[in-house]
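**Student:** please work out how this folds:
(4 chains)
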Number of protein chains: 2
Amino acid sequence: MSRVLRNRGSFSTQVQQSVMAATQALNYMPNRIAGTLASMTSDLVGIIVPSVGNAAMPDVLAGALGILEERGVQSIIGATNFDPLQEERLIDELLSWRPRGILLAGIEHTERVKNILKNSRTRVVELMDTDGAGIQAVVGFSHRQAGRKSAEHLLEKNYRRIGYVGHSISTDLRAGKRLDGFRSALTDNGIALAAEEVGTRYNSSFEAGRNGLANLLNNGTKLDAVYFSSDNLAIGAYFYCLEKGISVPGDLALFGFNGLAISGLIPHPLSTIRSPRNLIGQTGARLLLEETPQVQVVDLGFELIEGSTS
Amino acid sequence: MSRVLRNRGSFSTQVQQSVMAATQALNYMPNRIAGTLASMTSDLVGIIVPSVGNAAMPDVLAGALGILEERGVQSIIGATNFDPLQEERLIDELLSWRPRGILLAGIEHTERVKNILKNSRTRVVELMDTDGAGIQAVVGFSHRQAGRKSAEHLLEKNYRRIGYVGHSISTDLRAGKRLDGFRSALTDNGIALAAEEVGTRYNSSFEAGRNGLANLLNNGTKLDAVYFSSDNLAIGAYFYCLEKGISVPGDLALFGFNGLAISGLIPHPLSTIRSPRNLIGQTGARLLLEETPQVQVVDLGFELIEGSTS
DNA sequence: ATGAAAGCGCTAACAC
DNA sequence: GTGTTAGCGCTTTCAT
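**Tutor:** All right, here's what the predicted structure looks like:
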């Protein structure tokens, strides 16, 4: 009987015994589909990310999954490949599973998605980005501020001829916001980006960084620092410098974003910005499961790591 | 009415019109929980991996998710953290959702898991590892062979004093199999591993490789090559060599495993073994969805990449 | 071509 | 403390 299996309501030990025996004998396996339908509350949450491979995501996912699994909730994970329409499709399908909540990477979505989500009573927590209005709760940090901070650091260090190398900026909106912030800090100090290079078709970000820097340098503009849309690009570029005998940071300073483990272990630890990715995932998951739905934004900030490439 | 919504059975355009109108007006959203319960067939699959951050996993996941999403099936993903009991727990919970199938990383599971899965009629595809008996279908390659091949390569190159640096070998069974294969090839040639170092408590594999190599070298054993349990370890060690002025491969050869993008871009492209991770994910997903359940093992092989660290 | 009805395996509410 | 029953929102089958 349902009561003993779920340990709710009241029953005698005697009944418990026999029920236990029966479930063992019959090899009983609960059916959550039926349970969820009957109770109208599920232990499912949806998680939608741009891509499971995207440098920052594994940490965020690991953080969220950790919390979710320990509370016995299952996660349906979907990847949008940075395509808003794919996101819309995934959310539609997700909603048809009546999840307890949805964890979304980023705060940019199609209008339809925003409306649907606002009108549905599933909890929604948006992750990673606090630059803009969220649907219900958002947990992350300001990419615009991260960009600004990066520029300010470079300016303090007296770099003036600064270039940018990015990767798929039209689709990676967060990278776009960082660049915006970076640019505006430069503008505030009366200088402009000396050159920029945005490659889109590379096999890896390392390659994008490497080739991006090569192109930038071959264009003839004289640069003393380059800002990259992420650590991986910066690392690819760093190796290019090693290979070409470009002294870092003497000839050229390099600045990344993400604060990946490897960035601290290359011969010149990379100057970069690290965000609390795992914590963002954890916090998002906790918020999602919280009893009291609360409209709020949790800014977990970021940290500038001064390595030796700047 | 159900027939027009799912475009099955027969109905007139007139009825179709009115149903469409009604769904629009009422903002109808299908309920797959109810649908699944009624039809007793679901569009859910479960995916269980050791960790979403584990170097090889994002590619496998991306491959699998790609196929799965394009066929409109949702994925419940769980991470075991290399803990067989956690895997057992996850599988129990997964099964209660009556998934269409389960994708499992690896072929080592608790006896209970194997029995449950054999007796359930959910499709099971085990990924990554073909060294041993699978439950139903397995897609991957032989880690033992990969290890052998690595050793043979090093021996051909005339390295004789060979060390090993690994990371969490007791939990990462696949790494253990590679080491086994590596060892046996060495033994076949009458030599033994000169030294080995297995660190477990590092923040990252890069660090494990770096410190592992440092320890190995400090122990005084003279080595001319080191085999690492993965590229990340080897890369961490490579940077250590750069820093200490150890010439690679002159003083010391380095050999990794995985064939990550970054490994090909460091100043000395890493000698390593690359497996078709994305393809393994794709193939696994396809097999899982196939109509005709077929007991089989699909060995997708691997490729030895001769870089310049050996 | 279409309406009606019987479940799917549970949970929650109600009676005793 | 324990047995019973009415749904949950669909799919499927059976009449019509």
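
**Student:** state which helix of chain A is the longest.
**Tutor:** Criterion DSSP state H: the longest helix present in chain A is helix A:173-188.

**Student:** now for that helix, which elements pack on it?
**Tutor:** Here helix A:173-188 touches strand A:123-129, helix A:143-156, strand A:162-167, going by 3 or more Cβ pairs under 8 Å, 6 or more residues apart in numbering or on different chains; DSSP states H and E. Any C-beta I mention is one placed from the backbone N, CA and C, and that applies to glycine too.

**Student:** and the nearest residue to residue A:303 once chain neighbours are set aside, how far from residue B:201?
**Tutor:** Take residue A:303 and drop its neighbours on the chain: the residue closest to it by Cβ to Cβ, 6 or more residues apart in numbering or on different chains is residue A:274, 5.0 Å away. Residue A:274 is 21 Å from residue B:201, where distance means Cβ to Cβ, to the nearest Å.

**Student:** ok, back up a step: how about residues contacting the longest helix of chain A?
**Tutor:** With Cβ atoms under 8 Å, 6 or more residues apart in numbering or on different chains as the test, helix A:173-188 has contacts from A:106, A:108, A:128-129, A:131, A:142-152, A:155, A:162, A:164, A:166-170, A:192-193, A:227, A:229-230, A:257.

**Student:** now the residues you listed: which count as buried?
**Tutor:** A:106, A:108, A:128-129, A:131, A:142-152, A:155, A:162, A:164, A:166-169, A:193, A:227, A:229-230, A:257 (16 or more other Cβ atoms under 10 Å in any protein chain shown).

**Student:** which intervals of chain A have sub-threshold pLDDT?
**Tutor:** The model of chain A has pLDDT under 70 over residues A:1, A:169, A:293-295.

**Student:** would you mind listing what in it touches DNA strand D?
**Tutor:** Applying Cβ under 7 Å from any atom of the strand, one finds that chain A approaches DNA strand D through A:1, A:3, A:9-12, A:14-15, A:34, A:37-38, A:40.

**Student:** what do you get if the cut-off is 10 Å, keeping everything else the same?
**Tutor:** With Cβ under 10 Å from any atom of the strand as the criterion, chain A meets DNA strand D at residues A:1-4, A:9-16, A:18-19, A:33-40, A:96, A:98.

**Student:** from those residues, which land in helices?
**Tutor:** Among those, DSSP H puts A:2-4, A:13-16, A:18-19, A:33-39 in helices.

**Student:** of the residues of chain A next to DNA strand D, select the buried ones using a PyMOL command.
**Tutor:** Buried subset of the residues of chain A next to DNA strand D, written as a PyMOL selection, criterion 16+ other Cβ under 10 Å:
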select buried, chain A and resi 4+19+33+35+36+37+96+98
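
**Student:** could you list which of the residues of chain A next to DNA strand D also contact DNA strand C?
**Tutor:** Applying Cβ under 10 Å from any atom of the strand, the subset of the residues of chain A next to DNA strand D adjacent to DNA strand C comprises A:1-3, A:9-10, A:33-40.

**Student:** farthest pair in these?
**Tutor:** Across these, the longest distance by Cβ to Cβ is 26.9 Å; it joins A:10 and A:33.

**Student:** touching, residue A:110 and residue A:85? I think so.
**Tutor:** Yes. If you go by Cβ atoms under 8 Å, residue A:110 and residue A:85 touch, sitting 7.1 Å apart.

**Student:** DNA strand C is nearest to which of the helices and strands packed on helix A:173-188?
**Tutor:** Closest to DNA strand C of the helices and strands packed on helix A:173-188, according to Cβ to the nearest atom of the strand: strand A:123-129, at 18.1 Å.

**Student:** briefly note if the closest one comes near chain B.
**Tutor:** No. For strand A:123-129, no contact with chain B is found by Cβ under 8 Å from any Cβ of the partner chain; the gap never falls below 14.6 Å.

**Student:** in terms of secondary structure, what does that strand contact?
**Tutor:** If contacts are counted by 3+ Cβ pairs under 8 Å, 6+ apart, strand A:123-129 sits against strand A:101-105, strand A:137-141, helix A:173-188, helix A:277-289.

**Student:** who does it pair up with?
**Tutor:** strand A:101-105 (parallel), strand A:137-141 (parallel) (DSSP bridges).

**Student:** run through who's touching the last one.
**Tutor:** The set of residues that contact strand A:137-141 without belonging to it, under Cβ under 8 Å, 6+ apart, is A:107, A:123-130, A:275-276, A:280, A:283-284, A:287-288, A:294-302.

**Student:** buried ones only from these, please, as a PyMOL command.
**Tutor:** Under the burial definition 16+ other Cβ under 10 Å, those of those that qualify are selected in PyMOL by:
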select buried, chain A and resi 107+123+124+125+126+127+128+129+130+275+276+280+283+284+287+288+298+300+302
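
**Student:** wait, residue A:104 touches residue A:127, no?
**Tutor:** Yes. Using Cβ under 8 Å as the test, residue A:104 is close enough to residue A:127 to be in contact (6.6 Å).

**Student:** between the ones next to DNA strand C among the residues of chain A next to DNA strand D, which is nearest residue B:72?
**Tutor:** Closest to residue B:72 out of these is residue A:33 (17.6 Å), distances taken as Cβ to Cβ.

**Student:** can you tell me how far the closest one is from residue A:27?
**Tutor:** Taking Cβ to Cβ, one finds residue A:33 at 18 Å from residue A:27.

**Student:** gap between the two ends of stretch A:137-145?
**Tutor:** This stretch, stretch A:137-145, spans 20 Å end to end (Cα to Cα, to the nearest Å).

**Student:** same thing with stretch A:193-202?
**Tutor:** Stretch A:193-202 stretches 23 Å from its first residue to its last (Cα to Cα).

**Student:** same question, stretch A:153-166
**Tutor:** End-to-end for stretch A:153-166, by Cα to Cα: 19 Å.

**Student:** buried sites along that stretch?
**Tutor:** By neighbour count on 16+ other Cβ under 10 Å, the buried set for stretch A:153-166 is A:153-155, A:157, A:159, A:162-166.

**Student:** identify all contacting residues around that stretch.
**Tutor:** The set of residues external to stretch A:153-166 that reach it, using Cβ under 8 Å, 6+ apart, is A:151, A:175, A:179, A:182, A:185-186, A:189, A:191, A:193-199, A:208-209, A:212-213, A:216, A:221-229, A:233, A:237, A:253, A:255, A:271, A:304, A:306, A:310.

**Student:** over to stretch A:102-110?
**Tutor:** A:45-50, A:57, A:60, A:64, A:84-85, A:87-88, A:91, A:94-95, A:117, A:122-135, A:138, A:173-174, A:284-285, A:288.

**Student:** what about that stretch, start to end distance?
**Tutor:** Length of stretch A:102-110, first residue to last, Cα to Cα: 16 Å.

**Student:** what's opposite residue A:78 in the beta bridge?
**Tutor:** For residue A:78, the beta-bridge partners are residue A:48 (DSSP bridges).

**Student:** okay, now it: neighbour count?
**Tutor:** For residue A:78, the count of nearby residues is 22 (other Cβ atoms under 10 Å in any protein chain shown).

**Student:** likewise residue A:112?
**Tutor:** For residue A:112, the tally of surrounding residues (other Cβ under 10 Å) stands at 13.
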